[in-house]
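[1] test case, fold it:
(chains A, B, C and D, ligands or ions: 6)
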Amino acid sequence: MEKFKEHVEDVTVRFAGDSGDGMQLVGTQFSDSSGFAGNEVNTFPDFPSEIRAPEGTLYGVSAFQVHFGTRNINTTGDFVDVLVAMNAASLKVNLANVRTHGIIIVNTEGFDERSLKLAGYAKNPLEDGSLNNYQLVLIDMGKELKKAFIELDIPSKLIQRTKNIFALGVTYWLFHRPLEPTVSWINKKFKDKEDVILANVHSLQAGWNFAEKNPDFKTQYLIDRSNLPPGKYRSITGNQAVALGLVVAATKARLPLFLGSYPITPATDILHAISGYKRYGVKHLQAEDEIAGITSALGAAFGGSLAVTTTSGPGLSLKSEAIGLAIMTELPLIIVDVMRAGPSTGLPTKTEQSDLMIAMYGRHGEAPMPVLAAASSSDCFDMTMEAARIALKYMTPVMLLTDGYIGQASEPWRIPDVATLPDIAPHFAEDAKTFKPYARNPETLGRMWAIPGLQGMEHRIGGLEKEDGSGIVSHDPINHQKMVEIRQRKVDGIANDIPELEVIGPAEGDILLLSWGSTYGAVRTAVGKLKEKGHIVSYAHLRYLNPFPKNLGDVLHRFERVVIPELNTGQLKNLIQAKYLKPVIGINKVQGKPFKSVELEEKIEVLLSMENIKKWSSKKVDIPVDL
Amino acid sequence: MEKFKEHVEDVTVRFAGDSGDGMQLVGTQFSDSSGFAGNEVNTFPDFPSEIRAPEGTLYGVSAFQVHFGTRNINTTGDFVDVLVAMNAASLKVNLANVRTHGIIIVNTEGFDERSLKLAGYAKNPLEDGSLNNYQLVLIDMGKELKKAFIELDIPSKLIQRTKNIFALGVTYWLFHRPLEPTVSWINKKFKDKEDVILANVHSLQAGWNFAEKNPDFKTQYLIDRSNLPPGKYRSITGNQAVALGLVVAATKARLPLFLGSYPITPATDILHAISGYKRYGVKHLQAEDEIAGITSALGAAFGGSLAVTTTSGPGLSLKSEAIGLAIMTELPLIIVDVMRAGPSTGLPTKTEQSDLMIAMYGRHGEAPMPVLAAASSSDCFDMTMEAARIALKYMTPVMLLTDGYIGQASEPWRIPDVATLPDIAPHFAEDAKTFKPYARNPETLGRMWAIPGLQGMEHRIGGLEKEDGSGIVSHDPINHQKMVEIRQRKVDGIANDIPELEVIGPAEGDILLLSWGSTYGAVRTAVGKLKEKGHIVSYAHLRYLNPFPKNLGDVLHRFERVVIPELNTGQLKNLIQAKYLKPVIGINKVQGKPFKSVELEEKIEVLLSMENIKKWSSKKVDIPVDL
Amino acid sequence: MKTIIDDILEKPHAGETSYTAKDFKPDVDVRWCAGCGAISVLSPAQRLMPELGVPKEKIVYISGIGCSGRFPYYMDTYGFHSIHGRALPIASGLKIARPDLSVWVVTGDGDNMSIGGNHFIHACRRNVDINVMMFNNEVYSLTKGQFSPTSHRGQVTKSSPLGSLDDPFNPVALALGASATFVARGHDKDRAQLQQLLQKAHQHKGFSFIEIYTNCRIFNDGAFDLYTNADTRSDSTVWLEHEQPLVFGKNKDKGIKLDGFNPVVIDLTAEGNSISDVLVHNEKDSTLAFILANMTYSEVLPRPMGIIQNLERSSYEERVVDQITQEVEKKGAGSLESLLQGGSFWEIN
Amino acid sequence: MKTIIDDILEKPHAGETSYTAKDFKPDVDVRWCAGCGAISVLSPAQRLMPELGVPKEKIVYISGIGCSGRFPYYMDTYGFHSIHGRALPIASGLKIARPDLSVWVVTGDGDNMSIGGNHFIHACRRNVDINVMMFNNEVYSLTKGQFSPTSHRGQVTKSSPLGSLDDPFNPVALALGASATFVARGHDKDRAQLQQLLQKAHQHKGFSFIEIYTNCRIFNDGAFDLYTNADTRSDSTVWLEHEQPLVFGKNKDKGIKLDGFNPVVIDLTAEGNSISDVLVHNEKDSTLAFILANMTYSEVLPRPMGIIQNLERSSYEERVVDQITQEVEKKGAGSLESLLQGGSFWEIN
Ligand SMILES: Cc1ncc(C[n+]2csc(CCOP(=O)(O)OP(=O)(O)O)c2C)c(N)n1
Ligand SMILES: Cc1ncc(C[n+]2csc(CCOP(=O)(O)OP(=O)(O)O)c2C)c(N)n1
Ligand code: SF4
Ligand code: SF4
Ligand SMILES: [Mg+2]
Ligand SMILES: [Mg+2]
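    Ligands and ions are numbered 1, 2, ... in the order given. This next block holds a predicted model:
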């Protein structure tokens, strides 16, 4: 049968099945081979909060979404174009997000009576016409595999375990993806297990062949290569990027790296990665709790390490007191908070941007510290390097915010050439004769780092207020005021050492869209769409939350209206209004999920059409209504 | 010799000596007998941060200041009218604040060579003319006492230990204070120790007699009785008032009281007081740390107690995570933070208002909670009652902010008639059939309290997100958004249940002075002085920081300029600007000390004369300059 | 003062014997993995509840975070699924405030020994009457497999890909060192034994700690097989019974003898060995308890199971109540009036 | 990769013997109360430093909050006066990062046993090579007198006006239960003994814990007089010496004998008693250590002083270094290039 070929710009595929169905694995493979094929890719694993929920249940569904295409792939995709559903529960949970007329590839084996019941289907959706608005492809994968393996002498149990790979093969045909990366991955992964290799490779091919022959698949979709800068690429999650960023930063600063951490979802993967880096001389302590995690890191910082602690919300709350000590002792320390949905235990596996306020203010006393936020998975690498640079240059703890979404989502990352990355220079004390523990570099206001082992610089630091310069404990009132101000000025001064905020689109006008953190992708995509529709919207993204870029005030006041989309109830809005007295319109979502770009697009279109409230910001008293 | 009598409005006396000299004791006595004499009084103990520093050192000086008078005694006094200095170090440390031509009563025994050296005096200040601008009264107290006791058979060691009482007698004459309260206190305190009673009573009288006869004391100062409402009065510190407020609130709510706490300066006195209330059935746990302090309280709250935890800055930082749990489980809980100077260990014995931001935002996730602040020592009683009322009515943790200053300062308190205080009604679940753990009172949005022991209402709560109504763990996105909003609305709604902000002075105009917490007294005094000088200044004081009184926005916008004096770098300013977009001029002091009212007076006069910046608030972009 | 709580407690409560295990099963799916040891621990607990003679509404289960933390959802009593490591202080506050309740804590090796370690040792010391079931699976499961404070040195986990460098706590020894009064060990494969231990813990007035070996199928499968599987456990464990000799083995043919302070295994069928050589267990002897605790990680000795120590000491909440009672008896219940007046006051007319 | 730290460490350091105690006295007033036990502990520590053979710049004192927390200000080495209860994890991080340093922790009974209890037991277990001096004054002093986890039941303090209801920890037993390798006890009235204990702690590779009875003149004066005053201590304490019998008393005429597991006092001058009946100390026997620990609060037995246990176990930071070394030996030092490339990558030209 002759097949059509159709070129498309971008596609979202979602693999969904039971926790035991291997969906994370095939999702990752699909993503890698799309990168290999030269496309932009953005992916998100979506596993259940249960470790291994009972088979076939709704809460046991595990999914992996891949959004890929030729250009502007900044999100994991608002809607699903192709859903692979291995059982009834996974169809039920994921159908709502499938685009009308989208393709649904179903393994019919997962729709027996028991499965339907567990999924809460009264009738079989494959038969009751409820899926008429989709292109449904029904496959009895078990049967097809049996057929495909008929001539091979492979245990049927083993064959049946490759259903996910078969499904992958089907999607590979559908988008004409290369098989090589997966084949070579299989060979590496199952090295020395010939049976298993054979079963998987054959199954992959079988899926491809099945699709090619099956009349239900009428069209093969082709995606042009993206126009990516040349180089080596890999796929990377935010958590991996942080781990790599730390090792590279330590190398660039010629410092040993020390991580003190306590496991917590979704930050634990950073600890996992670091714990595997023994060959790089990295030391880590899996501490007894978060307090020991950060304080052990602070001890290592006192000793001259590039010291780090990683955590998520509840752990960050516990670190509050120790962060204050780091601020007072002016030691370099990186605190990575992979934000998750709170408050309290909240929705521990879901994403949110609700730790901005605690990052800014979550300590007793006047305790300012720099706060950075990564915009995407790969940006986590750059911002980690930045956090290290600032911590070492200004002798201060630095908070780096990422979140569960970019922490776990992956995208292709152009592997940097380490040699060309700039060095980071820590500022060690040098002259024992003139040494004073709290003498400062007049430019940065950072004090010098005098670590044990440096002769003649023995001194004592601690949490009590210090006399300026000498660092001796001081209860003098005026000195306290001075030191409070110095600590504040030190942080504020970093504004001179970070890039100014860049506005994409007109430099002044009606609406400025301002985002921070992981909403970057969705906002950028929405802005792109709005522009395509002919709207004029300016856009800027904040990576530095404290201090803000020094032109931020100017930028804000050049616009009639400022709109901030956030996955919280308006935390950046709050900071901006407090500091710049510029009213902000918030677009807020607190659902444990990232924005869809289309949500933003729609809301901004509403704003653009609201002529009547367009002028509200000149009314002095009114507080802007959030959308 | 004939003495003059002079009527004065108010006086500030400061007793200063070595840690071992008993200055706290005589200060308290002076304060009590001034209350007894029908005056307004405000006092502050000022002890060294060392437990018992070496004798005669500057850092070992202990002082107690009493400000008393006929009216408007809201502070401990900007300047000292009468300094009692028992040794050289205490003169050195305290001289700067003595008013020119003020009286300095000196025990010359404390000015021997060794004492002078320890105090860092090259020459004896009693002899070198450096005190010419003061009315110096030199007394060799040892000698005078010997003389006075010559006919009594009392061991000389005992006599010499009453020097502080002798000094007290002197000041009693000076201000014509009644001796009875102190005499009866001595009798009670040293019950059954006749020698000691005799020694002290005689010494007190001897001091009086000495002053009456001594030609250096030319004038006796008389202070008219204040026009206080009739009733029983006692002197009370903020910490005592909190402890009493808790017991009364529990009684009024008919609930058992439970305190879970860990000692920390300057909050420990609340724990001390509560631990002595066994006769009132009060239970307390001195926990292993602050986390156990708050979580044990939360356990008791789950069981139906009026539950409380008390702490100061570092302890509050540690409680962050557990506060989040209290917010999520919607259990009533009072958290008292007696603020001290931070960050980190900071200046642990000094006061500051720098925990407002952590009170508001010091938790991961969206975790709003009510925040109250007491204005004065006695106001601590009322605000504790308020905290209990709100916690129980709205089923929420409530943060009550006091500080080291009002926590330890005392003022006369009109003892309330318990019978006339309003009852507090906790909202227990009643009907097991319709019971749902997260069903809410539609008006308050508070859920019902269903405690173990209530039959048929067995249920589970916890830190995970809950389904609205049922309280079942829910990962549903829309439900999460709803619950985040409900928790916010519940707190916001309290605005309808608290007094509106009262403006003292014109309801609109040029300048509104807005204060919160312990600055109340100094600001009120400054406003009074400014009015006397003919300035027009409006004044308002915030007891409710979250939510703000519902008319706050209106009030702010009725003034051209809003000025907020705070003992921090501008935390309330920040909140006000963020919420009302009203620019605020901050008067900030971060020196571990309260404002002097005269400092405020001066700064506000500067503002009043700054015609040129008077109109600045209409300029959109400018950020107000703080003073 | 009579409080609202007193009013509530005065209302009649259900009789003692009217429940069955079913009454304690809430209508929800158990979401632990199929085959998880926690599931096996649930049923003896549910079966025990009707036998306690405590009205259902007076039983409270409190947990921290971890797979174990789910437990309260599966027990139809009052429950509190709190935060990581803090179940014990919550339970302590509750029990001190409400001595009438039967308070149970369910925790994990991470929850209780890692982040919650301080609360654990202090709870041991204070002796509040709480019963603690610690599900020890020697791994952090909920966070998907890192080593815990009970993992053995060299254990390969996600956060120790080259093997953990930590030596484990011996939970029983730690509890003893912190002067816990009741210390026991059981496992998920013998429900009858476990139910008996839970019952004893309940009867014990004061703090009761039960370490329960609980298999994690996903992240540490089989860690305790040697000690818990029916075919190997009789040789690899010894069941402790007060005043009974320490014999073990399929045919009860082996015994523990003390050589100085060192326990050694003797073959009871061998010439010259007899039952009278065998160490006799005494729950009241805290030195013996420590010797037994130290057998835990031995490679040649059987692992002790059952009640290792069971001492009598007044419980903390009892002491709190006593102190209040005595003070009230001595000085009379406090009047608010005099409390507010304090030491000295004056009147203005 | 050679780091800047390596550069610093390669620079020549001062010789081993060039110091005197004076070199360790900074030019500041000691602000403890006159007569405070802490002052008496300071001087043996200062006297020991020159004897360690460690360059001064490689010694670090870390403390938490409490009167004890002041210690680093009075020792002219590197120092860190941290926050309440956290000295141990700070010290652990430092020592793991910098095994070349001699790391000392000074802490209090509240700092270490109350808020810092969890870090303490984990430090015991991990065996990082840190020396801990715990100033036990059985009270919270800096906060002006509340009972602490080592205060005895009934102790009247500001927060227990009717007597504390808590039973104390036995710090030595707790350390043993947490599997500390080196556990000792000394006091402020015998500086020579104390200096010897500190020296032994330094020599011991791994975690060393020394409980030091330290009199607080202000809030708990005389708490230890019986055990520390020159005229009573020989009868009320027994000094432990490895492989020596436990004899004590002014005339060394009393001994400790074991009756089963129970230590009893015997009169060596009495008929039938001889030195050979007396228990011989063995630092390496952890059961004996627990028996000795349990003598602590006895009213009839002397209180053991000296080294209670001293076991050998590799220190944690050694293991960390070894694991790195072995991995590098096995696979070669990692190249950043291959690290960044990860498992699979592709090229775009
Ligand atoms: C404050 C805080 N830190 C970390 C976590 C993440 N966390 C959840 S459970 C857990 C460990 C659980 O281990 P264990 O107690 O052994 O329970 P198991 O899952 O093995 O039953 C951790 C580290 C958390 N929820 N809160
Ligand atoms: C987080 C925190 N909680 C409480 C305190 C208050 N605090 C300071 S020292 C101390 C207890 C000290 O007791 P201990 O360790 O025995 O030291 P000592 O003063 O007796 O030497 C407390 C509770 C604090 N500084 N920080
Ligand atoms: S992960 Fe392990 S401990 Fe958790 S539910 Fe599954 S089997 Fe049980
Ligand atoms: S209060 Fe006690 S422990 Fe503190 S310095 Fe004084 S005597 Fe020493
Ligand atoms: Mg576990
Ligand atoms: Mg102490």
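
[2] only C-alpha atoms from now on, for both contacts and neighbour counts.
    Fine.

[3] how about chain A: which residue is closest to ligand 5?
    Closest residue of chain A to ligand 5, CA to the ion: residue A:263 (12.4 Å).

[4] which residues touch that residue?
    Contacts for residue A:263 (CA atoms under 8 Å, 6 or more residues apart in numbering or on different chains) come out as A:271, A:286, A:311, C:143, C:146.

[5] next, the spatially most central residue of chain A: phi, psi?
    Centroid check for chain A by CA atoms, centre = their mean gives residue A:406 as the closest residue, at 1.0 Å. The phi/psi pair for residue A:406 (degrees, to the nearest 10) reads phi -70, psi -20.

[6] measure the residue of chain A closest to ligand 5 to residue C:120 for me?
    20 Å (CA to CA, to the nearest Å).

[7] go on, residue A:245?
    38 Å.

[8] now do the SS call for the closest residue to residue A:285 other than its chain neighbours.
    Spatial nearest neighbour of residue A:285, excluding adjacent residues (CA to CA, 6 or more residues apart in numbering or on different chains): residue A:260 at 4.9 Å. Three-state call for residue A:260 (DSSP: H, G, I helix; E, B strand; the rest coil): strand.

[9] doesn't residue A:398 make contact with residue A:387?
    Yes - counting by CA atoms under 8 Å, residue A:398 is a contact partner of residue A:387 at 6.0 Å.

[10] what residues does chain C have near chain A?
    Proximity of chain C to chain A, by CA under 8 Å from any CA of the partner chain, involves residues C:31-34, C:83, C:114-115, C:142-144, C:146, C:149, C:158-162.

[11] now for the closest residue to residue C:164 other than its chain neighbours: which residues touch it?
    Distance criterion CA to CA, 6+ apart; nearest residue to residue C:164, sequence neighbours excluded, is residue C:154 at 4.6 Å. For residue C:154, the contact set (CA under 8 Å, 6+ apart) comprises C:162-166.

[12] just those: which are in helices?
    Using DSSP state H, no member of these falls within helices.

[13] quick one: which of these is nearest residue B:40?
    residue C:166 (64.3 Å; CA to CA).

[14] hey, which helix is longest across chain C?
    As assigned by DSSP H, the longest helix anywhere in chain C is helix C:316-331.

[15] and that one, average pLDDT?
    In this model, helix C:316-331 has a mean pLDDT of 97.

[16] show the contacting residues for residue A:337.
    Applying CA under 8 Å, 6+ apart to residue A:337 gives the contacts A:267, A:310-313, A:316, A:399-403.

[17] list residues touching both of residue A:387 and residue A:398?
    Counting by CA under 8 Å, 6+ apart, the residues touching both residue A:387 and residue A:398 are A:334, A:372.

[18] neighbour count: these two, which is higher?
    Shown here are residue A:387 and residue A:398; by other CA atoms under 10 Å in any protein chain shown, residue A:398 has more neighbours (32 against 29).

[19] element containing the more buried one?
    In this structure, residue A:398 sits in strand A:397-403 according to DSSP states H and E.

[20] could you verify my assumption that residue C:207 touches residue C:124?
    Yes - judged on CA under 8 Å, residue C:207 makes contact with residue C:124 at a distance of 6.2 Å.

[21] okay, and the common contacts of those two?
    Listed contacts common to residue C:207 and residue C:124 are C:180-181; contacts here mean CA under 8 Å, 6+ apart.

[22] and the helix or strand hosting residue A:327, average pLDDT?
    Per DSSP H and E: residue A:327 is located in helix A:313-329. Helix A:313-329 shows a mean pLDDT of 98.

[23] now find how far off-centre that helix is within its chain.
    Relative to its chain's centre, helix A:313-329 lies at 23 Å (CA atoms, centre = their mean, to the nearest Å).

[24] same thing with stretch C:72-84?
    In terms of CA atoms, centre = their mean, the centre of stretch C:72-84 is set 16 Å apart from its chain centre.

[25] so is that stretch next to chain B?
    Yes - with CA under 8 Å from any CA as the measure, stretch C:72-84 is seen reaching chain B through C:72-73, C:76-83.

[26] picking that back up, of residue A:245 and residue C:120, give the one with the bigger neighbour count.
    Using other CA under 10 Å as the criterion, residue A:245 and residue C:120 rank with residue C:120 on top: 28 against 24.

[27] ok so, going back, measure how the helix holding residue A:327 sits relative to helix B:313-329, angle-wise.
    160 degrees (axes from the mean of the first three to the mean of the last three CA atoms, to 10 degrees).

[28] is helix A:313-329 in proximity to ligand 2?
    No - Helix A:313-329 does not reach ligand 2 (CA under 6 Å from any ligand atom); its nearest approach is 7.5 Å.

[29] alpha carbons only: can I get that helix in CSV?
    C-alpha atoms of helix A:313-329 as CSV (Å, rounded to 0.1, in the frame of the first residue of the first chain):
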residue,chain,number,x,y,z
GLY,A,313,10.8,22.9,49.5
PRO,A,314,10.6,21.1,52.8
GLY,A,315,14.3,20.8,52.9
LEU,A,316,14.8,24.4,52.1
SER,A,317,12.5,25.4,55.0
LEU,A,318,14.8,23.4,57.3
LYS,A,319,17.9,25.1,56.0
SER,A,320,16.7,28.6,56.9
GLU,A,321,18.7,29.0,60.1
ALA,A,322,22.0,27.7,58.5
ILE,A,323,21.6,29.9,55.5
GLY,A,324,21.6,32.8,58.0
LEU,A,325,24.9,31.6,59.3
ALA,A,326,26.3,31.4,55.8
ILE,A,327,25.2,35.0,55.2
MET,A,328,26.8,36.1,58.5
THR,A,329,30.0,34.3,58.1
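
[30] that helix to strand A:397-403, inter-axis angle?
    Interaxial angle, helix A:313-329 versus strand A:397-403 (the same axes, to 10 degrees): 160 degrees.

[31] count the neighbours of residue A:193 for me.
    For residue A:193, the number of neighbouring residues by other CA under 10 Å comes to 11.

[32] quick one on the thing from earlier: after the helix holding residue A:327 comes which helix or strand?
    In the C-terminal direction, the helix or strand that comes right after helix A:313-329 (DSSP H and E) is strand A:333-339.

[33] does that following strand come close to ligand 1?
    No - against ligand 1, strand A:333-339 shows no contacts by CA under 6 Å from any ligand atom, the least distance being 12.2 Å.

[34] go on, stretch C:154-167?
    No - using CA under 6 Å from any ligand atom, stretch C:154-167 stays clear of ligand 1, coming no nearer than 11.6 Å.

[35] buried ones in that stretch?
    For stretch C:154-167, the buried set under the neighbour-count rule, 16 or more other CA atoms under 10 Å in any protein chain shown, comprises C:155-167.

[36] hey, where'd the strands end up in the stretch 251-400 of chain A?
    Ranges of strands within the stretch 251-400 of chain A are A:257-261, A:283-286, A:306-311, A:333-339, A:371-373, A:397-403, based on DSSP state E, counting those that start in this stretch.

[37] touching chain B at all, the helix holding residue A:327?
    Yes - contact between helix A:313-329 and chain B is present through A:313-322, A:324-325, A:327-328 (criterion: CA under 8 Å from any CA).

[38] ok, and of the residues you listed, which contact ligand 1?
    Among the residues of helix A:313-329 next to chain B, the residues that sit close to ligand 1 (CA under 6 Å from any ligand atom) are A:314-315.

[39] the residues of helix A:313-329 next to chain B into CSV, with extra columns for distance to residue D:302?
    Formatted as CSV, the residues of helix A:313-329 next to chain B follow (distance: CA to CA, whole Å):
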residue, distance to residue D:302
A:313, 51
A:314, 47
A:315, 46
A:316, 48
A:317, 47
A:318, 43
A:319, 44
A:320, 45
A:321, 42
A:322, 42
A:324, 45
A:325, 43
A:327, 48
A:328, 46
